[in-house]
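Enquirer: fold the following, please.
(chains A and B)
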Amino acid sequence: MAQTAITAPLDPLEPRHLVAPHHDDASLNETLLDHVWRKPGKGWFMLFGMTLSALGLLVIGVTYTLARGIGVWGNNQPVGWAFDIINFVWWVGIGHAGTLISAILLLFQQKWRTSINRFAEAMTLFAVMCAGLFPLLHTGRPWFAFWLFPYPSTLGAWPQFRSPLVWDVFAISTYLTVSALFWFVGLIPDLAALRDSSKTKAQRVIYGLFALGWRGSGRHWHNYKIAYLLLAGLSTPLVVSVHTIVSFDFAVSLLPGWHATIFPPYFVAGAVFSGFAMVITLIVPARKYLGLRDVITDRHLENMNKVILATGLIVSYGYMMEHFIAWYSQNQYELWTFYVNRATGPYAGVYWLMIACNVITPNIFWFRKCRTSIPIMWVASIMVNIGMWCERFIIIVTSLSQDFLPSSWGIYAPTWVDWSIYIGTLGLFGTLFLLFLKFVPAVAVSEVKELQLELKHAAAHNGHDTHGAH
Amino acid sequence: MEATVLSSWVLAEFATPDSLVDATRQMREKGFQGMDTYSPYPLHGGSEALGLPPSRVPFIALCGGLTGLVTALAMQTWMNTIDYPLNIGGRPLLSLPAWVPITFELSVLFAAFGIFFGLLGLSRLPQPYHPVFESDAFRSASTHGYWLSVPQATGQDANAVMDQLKSLGATQVTLVTGENE
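Expert: Okay, the predicted model is just below:
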């Protein structure tokens, strides 16, 4: 019975085999909490060493920048925004998949989100932290960054609220705060589970502190359920607003290649696109080494690949629209940017790499074989990440390097400091992520258990017994 | 009132979430007040079995959101229109459309704070110590156990409660005592 149920096509609204059916609450605890209690293996330490070395590069790059000023970066007139803003937008975009998986899929009652949301939310937090570093350094004097906030200054000056850059400050700091709250609220029951299954007194005390004394009380769950749902509801428009505001940094200007009304939706789709790709990049190895194949099933990966395909098509549509509007307006500067400079100019290589990675690559996911093949999806996800980075490079650098007056054109090249800060944030992200995998359950244990029970009820209701064959 | 009250709870563990919900409902129908269930995830029908009124979290969230909205609009208008007017290319000083992004962000931020601190406040968390933690077996409540607590039972009374819970299918019952607030 169970065998036929597994092979039978599943109703997309009532998916059943999201958790391998042989688990009960106790065995789920064992599977999902095991990687926290287990001593990290050689592989973990090797990776940790690698990410720590990359983090070292960040320290060097940032120290050098602070000591010498941002003149050590490659950006200068006319390309005043370069690596720092490229990486900022890229990292913020990566962060978006986390919120999308947690929040939008929760609201749509997509039950398959349960196994991956914790993972994706952690990714959001760390990606936004990396993102925030860039505008902070870009100010040149980060120790004065508080000037961006409206605080009662003795100078009697307030921030300029008509500026998209101030909007950014509010959008990113709100996003980071709300994501952190959402992540932490989701973690509380699992922290309590860790506290109660801990083996030493020290673990019990530390996890106990973070669990805030959670004891699974029905009265608490009563408020908790609605609080979690509301936070998800808030995060959903938030995620759209954040990347919309980031796109305003460009779209409200008059620069050819930036001045486009398609920017907000196209940036949001691009963010989701790169974010889901990053989830695949990270989850494929993690589920293998953490032994989470029972809860992060091939079906999850396939669903994520479908999202990548869909958002990839939206991004392609965005490119088409940009080119169409440039042609339709017959504005010579727009025409130059889109049809000459980007496609054949000094950065044409990056442009065609972007097209290959963002427009062509996701289309392989039309084929079920590619959607379900682990090596193919892993390589494709990395290509998408590269492609989205190239997209931000193209938008920022081509538009700034050759705009209205040929006499003020210039070529941009990053310096070693630019590269070390960029690679350094990859290290920061990796380090935080490895620590997360070590100390916190990578899968939302309480949610998986709840889902497991729901699935059992649904199966019983439909006359199936998921335990039938076991 | 700073006085500490010595109280006691009868704790009963049930084998499945469904039997816990059933037992809770029946105990409440018998007139027991102030009971609580404990489970590793929210029980289906658990709030109804305990007879809880609708949660106040949504109301707190709404208040938070409105506070953020008003704060943001007032802040931007005061700062950029009245206290420190900036003439940027002759654009209007009161540029409401330009206030939209920050107003939205602050509304969301304040609503989120409302939800988070509302949840903690209503649940009286953080609460590192609670008498139920005295029971070692109770540690399963956050992993794979389904528990019911009946408060303020002592002596003879407690034995009667324990018997009733056993007859409802409890797999184990214990009595814990401790100081509550």
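
Enquirer: low-confidence ranges in the chain?
Expert: I went with chain A, as the question did not name one. Counting by pLDDT under 70, the ranges of chain A that qualify are A:1-23, A:459, A:461-470.

Enquirer: look at chain B instead
Expert: Short version for chain B, where the test is pLDDT under 70: B:1-7, B:152-156, B:178-181.

Enquirer: 50 instead, please
Expert: Along chain B, the parts satisfying pLDDT under 50 run over B:1-5, B:181.

Enquirer: which residues of it fall in helices?
Expert: B:17-29, B:46-50, B:57-77, B:96-123, B:155-167 (DSSP state H).

Enquirer: distance from the chain centre to the host helix or strand of residue A:428, please.
Expert: Here residue A:428, judged by DSSP states H and E, is contained in helix A:416-439. Relative to its parent chain, helix A:416-439 has a centroid offset of 14 Å by CA atoms, centre = their mean, to the nearest Å.

Enquirer: now swap in stretch A:248-258 and tell me
Expert: With CA atoms, centre = their mean as the basis, stretch A:248-258 stands 24 Å off its chain's centre.

Enquirer: residues of that stretch that come out buried?
Expert: For stretch A:248-258, burial by neighbour count (16 or more other CB atoms under 10 Å in any protein chain shown) applies to A:248, A:249, A:250, A:251, A:255, A:256, A:257, A:258. For every residue, glycine as well, the C-beta is placed using N, CA and C.

Enquirer: and if you look at stretch A:41-55?
Expert: Buried residues in stretch A:41-55, counted by 16+ other CB under 10 Å: A:44, A:47, A:48, A:51, A:54, A:55.

Enquirer: can you convert the helices of chain B into a markdown table and add a column each for mean neighbour count and distance to residue A:456?
Expert: Output for the helices of chain B, formatted as a markdown table (neighbours: other CB atoms under 10 Å in any protein chain shown; distance: least, CB to CB, whole Å):
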| stretch | mean neighbour count | distance to residue A:456 |
| --- | --- | --- |
| helix B:17-29 | 19 | 10 |
| helix B:46-50 | 21 | 17 |
| helix B:57-77 | 18 | 29 |
| helix B:96-123 | 21 | 28 |
| helix B:155-167 | 15 | 25 |
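
Enquirer: dump those to TSV, plus distance to residue A:320.
Expert: Output for the helices of chain B, formatted as TSV (distance: least, CB to CB, whole Å):
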stretch	distance to residue A:320
helix B:17-29	52
helix B:46-50	50
helix B:57-77	37
helix B:96-123	27
helix B:155-167	67
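
Enquirer: tell me which of those lies nearest to residue A:430.
Expert: helix B:96-123 (28.1 Å; CB to CB).

Enquirer: that closest one vs chain A: in contact?
Expert: Yes. Using CB under 8 Å from any CB of the partner chain, a contact is recorded between helix B:96-123 and chain A, made by B:98-99, B:101-102, B:104-106, B:108-109, B:111-113, B:115-116, B:118-120, B:122-123.

Enquirer: near chain B too, which of the buried residues of stretch A:248-258?
Expert: residue A:248.

Enquirer: ok, and the closest non-adjacent residue to the residue nearest the centre of chain B?
Expert: Among the residues of chain B, the one closest to the centroid is residue B:123, at 3.4 Å (CA atoms, centre = their mean). Sequence neighbours aside, residue A:220 is the residue nearest to residue B:123 in space, at 4.3 Å (criterion: CB to CB, 6 or more residues apart in numbering or on different chains).

Enquirer: run a quick neighbour tally on residue B:33.
Expert: By other CB atoms under 10 Å in any protein chain shown, 10 other residues sit near residue B:33.

Enquirer: what of residue A:63?
Expert: The number of residues packed around residue A:63, counting by other CB under 10 Å, is 10.

Enquirer: can you confirm it is in a strand?
Expert: No. According to DSSP: H, G, I helix; E, B strand; the rest coil, the state of residue A:63 is helix, so it is not within a strand.

Enquirer: what's the separation between it and residue A:406?
Expert: 39 Å (CB to CB, to the nearest Å).

Enquirer: equivalent analysis for residue B:90, please.
Expert: 31 Å.

Enquirer: isn't residue A:306 up against residue A:371?
Expert: Yes. Residue A:306 lies in contact with residue A:371 (CB atoms under 8 Å); the separation is 6.9 Å.

Enquirer: and for the two, which residues touch both?
Expert: Common neighbours of residue A:306 and residue A:371, using CB atoms under 8 Å, 6 or more residues apart in numbering or on different chains, are residue A:365.

Enquirer: tell me the contacts of residue B:132?
Expert: Neighbour list for residue B:132: A:215, B:9, B:11, B:38, B:138, B:141, B:149, B:176, B:178 [criterion: CB under 8 Å, 6+ apart].

Enquirer: those residues into CSV, with extra columns for distance to residue A:139 and neighbour count?
Expert: Listed next are the contacts of residue B:132 as CSV, based on distance: CB to CB, whole Å; neighbours: other CB atoms under 10 Å in any protein chain shown:
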residue, distance to residue A:139, neighbour count
A:215, 45, 26
B:9, 56, 28
B:11, 57, 26
B:38, 50, 25
B:138, 52, 24
B:141, 49, 27
B:149, 54, 23
B:176, 56, 17
B:178, 53, 16
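
Enquirer: quick check, nearest of the buried residues of stretch A:41-55 to residue A:189?
Expert: The closest of the buried residues of stretch A:41-55, once distances to residue A:189 are taken by CB to CB, is residue A:44, at 25.5 Å.

Enquirer: how about that closest one: what's its closest non-neighbour residue?
Expert: Nearest to residue A:44 is residue A:434, by CB to CB, 6+ apart, at 6.5 Å.

Enquirer: residues contacting the one you found?
Expert: Counting by CB under 8 Å, 6+ apart, residue A:434 touches A:44, A:47, A:48, A:51.
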